[in-house]
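Enquirer: sequence unknown, structure follows:
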């Protein structure tokens, strides 16, 4: 009976070592997943901070925004659960109805640019806030220029 005892004790350390190796890989996989999730959150925050600015009474997207729009489109293509809301805005000059329409045209123009860059059509929505969500509140050109914009809001479809 004593001959069998060493064989049993030799198997037990192997199982413990195997269990620790698996536990280590599970912990590493969890750490890797958390790191990827943090990178995704940061990337989404960076994309949400983006905006397209417009000239007075205009809704044409300037070529200066092509690189940023390309990054937005690539992110949407890569992230199947992501949905983008484009929020069109205007400055305070003009009537409420006019500014709502102008904000919508701006959001639609950015949407069209994203679609031309290959972004999935079914995951982009547009909305206009007109002059109701100013970014800057002074009553001069420097503030009005900041308020003539489209903001990007990324959300999970879940």
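Expert: Nice, I can see it. From a predicted model like this one, the values you see are computed outputs, not experimental measurements. Residues are numbered from 1 along each chain as shown.
Enquirer: tally of neighbours for residue 67?
Expert: Residue 67 has 9 neighbouring residues, counting by other Cβ atoms under 10 Å. To be clear about C-beta, it is placed using only N, CA and C from the backbone, and glycine gets the same treatment.
Enquirer: which phi and psi does it have?
Expert: phi -60, psi -40 (degrees, to the nearest 10).
Enquirer: Now do it against residue 50, distance only.
Expert: According to Cβ to Cβ, to the nearest Å, residue 67 stands 11 Å off from residue 50.
Enquirer: go on, residue 77?
Expert: 16 Å.
Enquirer: quick one: which helix or strand includes residue 45?
Expert: Assigned by DSSP states H and E, residue 45 belongs to helix 4-48.
Enquirer: who does the helix or strand just after that helix pair up with?
Expert: Sequence-wise, the next helix or strand downstream of helix 4-48 (DSSP H and E) is strand 51-53. Note on strand 51-53: by DSSP bridges, its sheet partners are strand 149-156 (antiparallel).
Enquirer: Give the residue spans of this protein that score low on pLDDT.
Expert: 1-25, 157-158 (pLDDT under 70).
Enquirer: residue nearest the centroid of it?
Expert: By Cα atoms, centre = their mean, the chain has its centre lying nearest to residue 44, at 3.3 Å.
Enquirer: now that residue, nearest residue through space, not along the chain?
Expert: The spatially closest residue to residue 44, leaving aside those adjacent along the chain, is residue 154, at 4.9 Å (Cβ to Cβ, 6 or more residues apart in numbering).
Enquirer: gap between residue 53 and residue 79?
Expert: Separation of residue 53 from residue 79 (Cβ to Cβ): 25 Å.
Enquirer: quick one: residue 80 is in a helix?
Expert: No - applying DSSP: H, G, I helix; E, B strand; the rest coil, one finds residue 80 to be coil, outside a helix.
Enquirer: quick one: it and residue 133, what's the gap?
Expert: From residue 80 to residue 133 the distance is 29 Å (Cβ to Cβ).
Enquirer: okay, the two: which has more neighbours?
Expert: The neighbour comparison of residue 80 against residue 133 (other Cβ under 10 Å) goes to residue 133, with 15 against 9.
Enquirer: so who does the more buried one touch?
Expert: Residue 133 is in contact with 87, 89, counting by Cβ atoms under 8 Å, 6 or more residues apart in numbering.
Enquirer: my read is it is in a helix, agree?
Expert: No - counting by three-state DSSP, one finds residue 133 to be coil, located in no helix.
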